[in-house]
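*Asks:* below are the sequence and a predicted model; questions follow.
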Amino acid sequence: MNIEQNIYRIMRNKDIPFGISEHEPVYASDGAAQVRGVVLRTGVKAMLLKADDRKHILALLPGDKQVNLVKIAQLEGAKQVKLADPHEVLAVTGCTIGSVPPFGHLTKLKTYMDKDILENECVNFNAGKHTRSVSMKARDLVKCISPILM
């Protein structure tokens, strides 16, 4: 089963309604919002991070925000948190940078989620591909992930 199929399986198993859209390839949040026809903040950015060069974690934030590495390092009790490199992103998530979804990865990841995501009624994110997106209610996203809210 690929990542995209796994995302859909998780949502169906939890009886979560969702939409799927196909579009031209997008590689960043602003481009994704534009092709989806939505407000930038409704996009969910999934950033693979590495704590103290050993442990991978996932940070989810609205499309209009930047990841706060210092805050995540504090939450993790780590000296340093940095972005994973493109090879690590592919190896850990099964996706390339810019297509990482908030759940459904090859590896189960500890996930931090910016609580501002929940200020949106609906959210959207890439389904493991640069050309396909998922939309769903923000509160249902929490049901799929059980994240640590920050």
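*Replies:* Cool, got the structure.
*Asks:* low-confidence bits of the protein, can you list those?
*Replies:* By pLDDT under 70, the weakly predicted segments of the chain are 1.
*Asks:* ok, the residue in it sticking out farthest from the centre - contacts?
*Replies:* Computed with C-alpha atoms, centre = their mean, the residue of the chain farthest from its C-alpha average is Lys79, at 23.8 Å. The contact partners of Lys79, taken as C-beta atoms under 8 Å, 6 or more residues apart in numbering, are Asp52, Ala73. To be clear about C-beta, it is placed using only N, CA and C from the backbone, and glycine gets the same treatment.
*Asks:* check the gap between it and Lys71 for me.
*Replies:* Separation of Lys79 from Lys71 (C-beta to C-beta, to the nearest Å): 14 Å.
*Asks:* can you check Glu119 too?
*Replies:* Distance from Glu119 to Lys71, by C-beta to C-beta: 18 Å.
*Asks:* next one: Lys137
*Replies:* 26 Å.
*Asks:* which one's more surrounded, Glu119 and Lys71?
*Replies:* Neighbour count, other C-beta atoms under 10 Å: between Glu119 and Lys71, Lys71 has more, with 14 against 11.
*Asks:* my read is the more buried one is in a helix, agree?
*Replies:* Yes. Judged by DSSP: H, G, I helix; E, B strand; the rest coil, Lys71 forms part of a helix.
*Asks:* excluding sequence neighbours, find me the nearest residue to it.
*Replies:* With C-beta to C-beta, 6 or more residues apart in numbering as the criterion, Lys71 has its nearest non-adjacent residue at 6.8 Å, and that residue is Met150.
*Asks:* same check on Thr42?
*Replies:* Asn120 (4.8 Å).
*Asks:* do you have the helices of this structure handy? List them.
*Replies:* 3-13, 29-36, 69-76, 86-93, 138-145 (DSSP state H).
*Asks:* ok, for Ile3, nearest residue in space, not its chain neighbours?
*Replies:* Excluding its sequence neighbours, the residue lying closest to Ile3 (C-beta to C-beta, 6+ apart) is Gly128, at 3.6 Å.
*Asks:* my bad, should have said Leu149
*Replies:* Of all residues not flanking Leu149 in the chain, Lys115 sits nearest, at 4.8 Å (C-beta to C-beta, 6+ apart).
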